[in-house]
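# dropping a prediction and its sequence here:
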Amino acid sequence: MSDLLCRHIATARWETLPDLAREGARSVALDAIGVIHAASGLAPEAAPFIALARANGAGPCAIIGTQHRVQPIGAALANGALAHAVDYEDAFDRAPAHPNASLVPVLLALAQSEGPVDGRRFLTALAVGGDVACRIALSLRQPMEQGGWYPPPIVAAFGAVAGAANLLGLSPQQTRDALSLTLCQVTMPGEIKHSRRTTLRAVREAFPAQAALTSVLLAREGVPGFEEPLEGKSAFFALYAGGQFDPADLTDGLGVHYWGGELTFKPWPSCRGTHPFIEMALDLSARHGIAPSVIERVEVSVDGIQSMLVDPLARKQAPETAIDAKFSVPFTTALALVRGAVRLEDFDAASLADPEVLAMAARIQPLLEHRPEWQPGVGGAMRIMLTNGESRHAWLKNALGCPTRPLPPSAQRAKFVDCVDRAASPLKPDAADRLADAILGLDLLDDVGALFQPTG
């Protein structure tokens, strides 16, 4: 199995990508680069990672959204910290994966340090790496959480190393070595979900991004790895899933079907599991003219996956950190009902202390339920009880942004422009439009790294 996967990673080329994979890679690049820009201006949690990257010396790689240029591994670390910090990046609804939050920072670092890297080479690596991350997540038959792990950053690391190996032109053997070296570095404990104090959940992708880039560079230098880094006796699936996995999910359709063409692009900057409740709250309040003052309480029906977004309830009704608020159904639903929107600026210190939002969040009560018609983790139901005794109901199979209900291209572009305007070094609208055009036309570019030259 490792042999087949590594041959595919090493040999995939632009000419062999289906159109859906190509289009998906363009959309991923636009979304991810925009989101990293926004985090550079909005995520103080990432500041120590940026400081460490800068302390290791100047170099050819941009910390996106800033004027800082650092060494490649520092860039992967810093941009990785930014990639998930505002929780606005793409998601894979079918399995626990954010396949590109580590991958894009790694590929950007390589494009600027190993260049020139043309756009087709970059997009191919993006398609390959994202697909591998999704396939690994889909193949699990024992939840990683059962062993105390937190899956998304772990899965993402292996996708990132696959994409980087493809971009660097590593051989199948070197690719296997790089996967092995990633296995020696990547980890993420489930405690990241339970600690009230930590903000590591926001900057988590710094670690897999750094690990992935380190792995491919060491593999290129000849560091030997394991024969079976995935399916071996004590390898990935044994360690993280008790050996319970389906090889077919990993290899069927390999090189023909790419999951990167079936991702979700977020309309709201919060955990994907909160989105059905945001959407229902916005829709019900708009359609029925529901003012916050006439809401007595709100019942939200969540499934087992979403239970982490309501438990412990008191903490989720009054989160202390931005990332905890983004992982809270009560808080994000309250934002939607009180402010009529859930925006990047709605998770600052003032919002976390807003008495009207907190009072509404305290009125939101979860019910554990699952219906077969809901997509696990991204569906749900809502009932708003009014002070006059009436109620309003809604349910969603899957929230806006998913492959069957995608954001239109105009909305994706508007999201990008809004994000880059919030960067530490924001772009003017005309410059943002030019960058968006260049990213959407990456396959025509000779040097991707040149897009991120300092602006003075």
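The structure has been received and is ready for your questions.

# so where do the helices sit in the stretch 51-200 of the chain?
72-83, 103-113, 119-139, 151-168, 172-183, 191-194, 200-203 (DSSP state H, counting those that start in this stretch).

# how big is the angle separating the longest helix along the chain from helix 151-168?
Counting residues, the longest helix found in the chain (DSSP state H) is helix 19-42. With axes from the mean of the first three to the mean of the last three Cα atoms, to 10 degrees as the basis, helix 19-42 and helix 151-168 are set at 120 degrees to each other.

# tell me the gap between helix 19-42 and the middle of its chain.
Remark: helix 19-42 is offset 10 Å from the chain centroid, using Cα atoms, centre = their mean, to the nearest Å.

# before we move on, back to that, make TSV out of the helices of the stretch 51-200 of the chain and add mean pLDDT, distance to residue 384 and mean neighbour count.
C-beta coordinates here come from the backbone N, C-alpha and C atoms, glycine included. Shown next, in TSV, are these (pLDDT from 0 to 100; distance: least, Cβ to Cβ, whole Å; neighbours: other Cβ atoms under 10 Å):
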stretch	mean pLDDT	distance to residue 384	mean neighbour count
helix 72-83	98	35	31
helix 103-113	98	38	29
helix 119-139	98	34	27
helix 151-168	98	31	30
helix 172-183	98	46	25
helix 191-194	92	28	14
helix 200-203	96	29	23
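
# nearest to residue 214, out of those helices?
helix 72-83 (6.3 Å; Cβ to Cβ).

# then the closest one to CSV, C-alphas only?
The C-alpha coordinates for helix 72-83 follow below in CSV (Å, rounded to 0.1, in the frame of the first residue of the first chain):
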residue,chain,number,x,y,z
PRO,A,72,11.7,28.3,4.8
ILE,A,73,11.1,26.2,8.0
GLY,A,74,10.3,29.4,9.9
ALA,A,75,7.9,30.4,7.2
ALA,A,76,6.1,27.0,7.3
LEU,A,77,5.9,27.4,11.1
ALA,A,78,4.6,31.0,11.1
ASN,A,79,2.2,30.6,8.1
GLY,A,80,1.0,27.3,9.6
ALA,A,81,0.2,29.1,12.8
LEU,A,82,-1.8,31.6,10.8
ALA,A,83,-3.6,29.1,8.5
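
# tell me what that helix is packed against?
Helix 72-83 sits against helix 19-42, helix 47-55, strand 58-62, helix 103-113, helix 200-203, helix 206-220, with contacts defined as 3 or more Cβ pairs under 8 Å, 6 or more residues apart in numbering; DSSP states H and E.

# export these to a markdown table and tack on distance to residue 163?
Formatted as a markdown table, the helices and strands packed on helix 72-83 follow (distance: least, Cβ to Cβ, whole Å):
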| stretch | distance to residue 163 |
| --- | --- |
| helix 19-42 | 10 |
| helix 47-55 | 21 |
| strand 58-62 | 16 |
| helix 103-113 | 5 |
| helix 200-203 | 21 |
| helix 206-220 | 8 |
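
# deepest of those, which one?
Neighbour counts (mean count of other Cβ atoms under 10 Å) averaged over each of those peak at helix 103-113, with a mean of 29.

# let's verify residue 351: helix, strand, or coil?
helix (DSSP: H, G, I helix; E, B strand; the rest coil).

# could you count how many residues lie near it?
Using other Cβ atoms under 10 Å, residue 351 is surrounded by 18 other residues.

# now do the end-to-end distance for stretch 338-352.
13 Å (Cα to Cα, to the nearest Å).

# name the residues that touch the lowest-mean-pLDDT helix or strand in the chain?
Scoring the helices and strands of the chain by mean pLDDT, DSSP states H and E places helix 191-194 at the bottom, with a mean of 92. Residues outside helix 191-194 that contact it (Cβ atoms under 8 Å, 6 or more residues apart in numbering): 148, 150, 198, 200-201, 204, 308, 327.

# what's the answer for stretch 196-210, then?
43, 45-46, 49, 73, 76-85, 87, 98, 101-102, 105-106, 150, 152-154, 156-157, 160, 186-188, 192-193, 315, 320-324, 327.

# and residue 454, what pLDDT?
Residue 454 is assigned a predicted lDDT (pLDDT) of 65.

# identify the residues contacting residue 12.
Neighbours of residue 12 in contact, by Cβ under 8 Å, 6+ apart: 124, 127-128, 166, 255.

# nearest to residue 212 among these?
Closest to residue 212, out of all of these and judged by Cβ to Cβ, is residue 166, at 12.1 Å.

# now the residue of the chain positioned farthest from its centre: how far from residue 296?
Ranked by distance from the centre of the chain (Cα atoms, centre = their mean), the top residue is residue 388, with 41.5 Å. To residue 296, residue 388 is 9 Å away according to Cβ to Cβ, to the nearest Å.

# below-threshold pLDDT in this structure: ranges please.
454-456 (pLDDT under 70).

# what sits closest to residue 297 if chain neighbours are left out?
Of all residues beyond its chain neighbours, the one nearest residue 297 is residue 363 (4.6 Å), with distances taken as Cβ to Cβ, 6 or more residues apart in numbering.

# could the contacts of helix 191-194 go into a markdown table alongside distance to residue 345?
Output for the contacts of helix 191-194, formatted as a markdown table (distance: Cβ to Cβ, whole Å):
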| residue | distance to residue 345 |
| --- | --- |
| 148 | 35 |
| 150 | 28 |
| 198 | 23 |
| 200 | 23 |
| 201 | 20 |
| 204 | 23 |
| 308 | 25 |
| 327 | 18 |
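
# for those residues, which single residue is the most surrounded?
residue 204 leads those on contacts (other Cβ under 10 Å) with 26 neighbours.

# give the contact list for the closest residue to residue 140 other than its chain neighbours.
Excluding its sequence neighbours, the residue lying closest to residue 140 (Cβ to Cβ, 6+ apart) is residue 241, at 4.9 Å. Contacts for residue 241 (Cβ under 8 Å, 6+ apart) come out as 140-144, 147.

# list only buried entries from those.
140, 144 (16 or more other Cβ atoms under 10 Å).

# what two of the contacts of residue 241 are the furthest from one another?
Put simply, by Cβ to Cβ the two of these set farthest apart are 141 and 147, 12.9 Å from each other.
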